[in-house]
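Student: need a 3D model of the sequence below.
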Amino acid sequence: MIEKELWHPVALADEVAQAPLAVQLLGEGLVLWRDAAGVVQAWTDRCPHRGAQLSLGRVVPCDGGTALECPYHGWRFAAGGRSVHVPALPDFVPPPTHRATVHAAREAHGLVWVRMEGEGGELSAFAAEHDARLRKINCGPYDVETSAPRLVENFLDMAHFGFVHEGWLGARDMTAIDDYRVEATPQGLLATGCKAWQPQSTIHSTAPAQVEYRYEVTAPYAAVLTKVPDAASVGIEDYQESIALFICPMEAERSRVWFRMATADFERDDAQLRAFQDTIFLQDKPVLESQRPRSLPLDLRAELHTAADKASSFYRRHLRERGITVGVRPSSIQA
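Tutor: Numbering: from 1, shown residues only. Coordinates of the predicted model:
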């Protein structure tokens, strides 16, 4: 399964503190914890001794460092996964084969990322992350009963603004979509020249405006949009805003979502910025959860398409070419 060789976000980095944290990725339970050096460990949430959940245990001092202690029999596992102590046999030295199942973990964009199999690979790109002029903030998580590809496709879609986000990102009598460009990139796709009329394109908007969008799919379950509204409608000189969508495919049809915002607004507090994003996404959520099938059909005959949908149609073809299987239906015309 190619998805296990990709990096996926699983938790906010600051959620992983003193206690072990249970998360789910691709149908498998994982436990996250920090070792004595503060490095995040990501393991299968199952003790190799009798199968208890390691996330129910605790992090304890051990041999000058720390270890994750199983809640059932107290077996201790050090960073790297090896068992270092069995309380029932205090003098026993566990062999190298007595170990937890370890997965690669990294921190980036304020999140913990996990790769379950393979080596190497790049994290989802977010160019605005390195722009010191922009403030960064994470919004979410939002748990949604749908597949990760359905969420990406919704993120790329402008035609729903006037209906799902009426009065905010669109208006029913201003929903026409002008032609735009879509091209392939090594990671996915780039859509440019995307324009939408919006009553309130951001929390900073002071007037309705025509807003130009630039969309980029940076991984099968990640995308970035950059908004460039008319300057007069925002009141902030050279205003630009980038938002990254990062999705954890917990299961084939259940997802956890974060948005990473990079904004030139240094006046409003975090709560205000998050409240705006909450409003927008929570308008999307019930519609997303109503879609059937929840898995995204890759057979283009399974649903109807128009020129306004060219980005999503391109995305479906990209997933098919990549061999993505989680959250998609390659042959779903009967679904």
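
Student: okay, now the unreliable bits of the chain?
Tutor: For the chain, the stretches flagged by pLDDT under 70 are 200-207, 229-239, 331-335.

Student: longest helix of it?
Tutor: Counting residues, the longest helix in the chain under DSSP state H turns out to be helix 270-290.

Student: distance from that one to the middle of the chain?
Tutor: 15 Å (Cα atoms, centre = their mean, to the nearest Å).

Student: again, but for stretch 128-144
Tutor: With Cα atoms, centre = their mean, you get 11 Å for stretch 128-144.

Student: buried stuff in that stretch?
Tutor: 128, 134, 136-142, 144 (16 or more other Cβ atoms under 10 Å). Bear in mind the C-beta positions are built from the backbone N, C-alpha and C, glycine included.

Student: among the residues you listed, which lie within helices?
Tutor: Short answer: the buried residues of stretch 128-144 have none in helices (DSSP H).

Student: got the residues you listed as JSON lines, with distance to C248 columns?
Tutor: Below are those laid out as JSON lines (distance: Cβ to Cβ, whole Å):
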{"residue": "A128", "distance to C248": "21"}
{"residue": "L134", "distance to C248": "24"}
{"residue": "K136", "distance to C248": "19"}
{"residue": "I137", "distance to C248": "19"}
{"residue": "N138", "distance to C248": "13"}
{"residue": "C139", "distance to C248": "14"}
{"residue": "G140", "distance to C248": "10"}
{"residue": "P141", "distance to C248": "8"}
{"residue": "Y142", "distance to C248": "11"}
{"residue": "V144", "distance to C248": "11"}
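
Student: pick out the most distant pair among those.
Tutor: L134 and V144 (26.8 Å; Cβ to Cβ).

Student: helices of the protein, start to end?
Tutor: Counting by DSSP H, the helices of the chain are 148-156, 161-164, 270-290, 310-322.

Student: C-alpha coordinates for the longest one, PDB please?
Tutor: What follows is the C-alpha trace of helix 270-290 in PDB, where atoms were taken according to Å, rounded to 0.1, in the frame of the first residue of the first chain:
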ATOM      1  CA  ASP A 270      -5.400  33.200  17.700                       C
ATOM      2  CA  ALA A 271      -9.000  32.600  19.000                       C
ATOM      3  CA  GLN A 272     -10.400  35.100  16.400                       C
ATOM      4  CA  LEU A 273      -8.500  33.600  13.500                       C
ATOM      5  CA  ARG A 274      -9.500  30.100  14.500                       C
ATOM      6  CA  ALA A 275     -13.200  31.100  15.000                       C
ATOM      7  CA  PHE A 276     -13.300  32.200  11.400                       C
ATOM      8  CA  GLN A 277     -11.800  29.000  10.100                       C
ATOM      9  CA  ASP A 278     -14.200  27.000  12.400                       C
ATOM     10  CA  THR A 279     -17.200  28.800  10.900                       C
ATOM     11  CA  ILE A 280     -16.100  28.000   7.300                       C
ATOM     12  CA  PHE A 281     -15.200  24.400   7.800                       C
ATOM     13  CA  LEU A 282     -18.200  23.500  10.000                       C
ATOM     14  CA  GLN A 283     -20.400  24.800   7.100                       C
ATOM     15  CA  ASP A 284     -18.600  22.200   4.900                       C
ATOM     16  CA  LYS A 285     -18.700  19.300   7.300                       C
ATOM     17  CA  PRO A 286     -22.400  18.200   7.100                       C
ATOM     18  CA  VAL A 287     -22.400  18.400   3.300                       C
ATOM     19  CA  LEU A 288     -19.100  16.400   3.100                       C
ATOM     20  CA  GLU A 289     -20.500  13.700   5.400                       C
ATOM     21  CA  SER A 290     -23.700  13.500   3.300                       C
END
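
Student: who are the packing partners of it?
Tutor: Under the contact criterion of 3 or more Cβ pairs under 8 Å, 6 or more residues apart in numbering; DSSP states H and E, helix 270-290 touches strand 135-144, helix 148-156, helix 161-164, strand 254-263.

Student: alpha carbons of stretch 154-171, as PDB, please.
Tutor: Taking Å, rounded to 0.1, in the frame of the first residue of the first chain, the C-alpha atoms of stretch 154-171 are listed here in PDB:
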ATOM      1  CA  ASN A 154     -13.900  20.100  -1.600                       C
ATOM      2  CA  PHE A 155     -10.900  22.300  -0.800                       C
ATOM      3  CA  LEU A 156     -10.200  22.700  -4.600                       C
ATOM      4  CA  ASP A 157     -13.900  23.500  -5.400                       C
ATOM      5  CA  MET A 158     -15.000  27.100  -5.800                       C
ATOM      6  CA  ALA A 159     -18.500  26.400  -7.200                       C
ATOM      7  CA  HIS A 160     -19.900  25.600  -3.800                       C
ATOM      8  CA  PHE A 161     -19.000  28.900  -2.200                       C
ATOM      9  CA  GLY A 162     -22.300  30.600  -3.000                       C
ATOM     10  CA  PHE A 163     -24.400  27.800  -1.500                       C
ATOM     11  CA  VAL A 164     -22.400  26.200   1.400                       C
ATOM     12  CA  HIS A 165     -20.700  29.500   2.400                       C
ATOM     13  CA  GLU A 166     -23.400  32.000   1.400                       C
ATOM     14  CA  GLY A 167     -22.700  35.500   2.800                       C
ATOM     15  CA  TRP A 168     -19.100  34.500   3.600                       C
ATOM     16  CA  LEU A 169     -17.200  33.100   0.700                       C
ATOM     17  CA  GLY A 170     -19.900  33.500  -1.900                       C
ATOM     18  CA  ALA A 171     -23.400  34.500  -3.000                       C
END
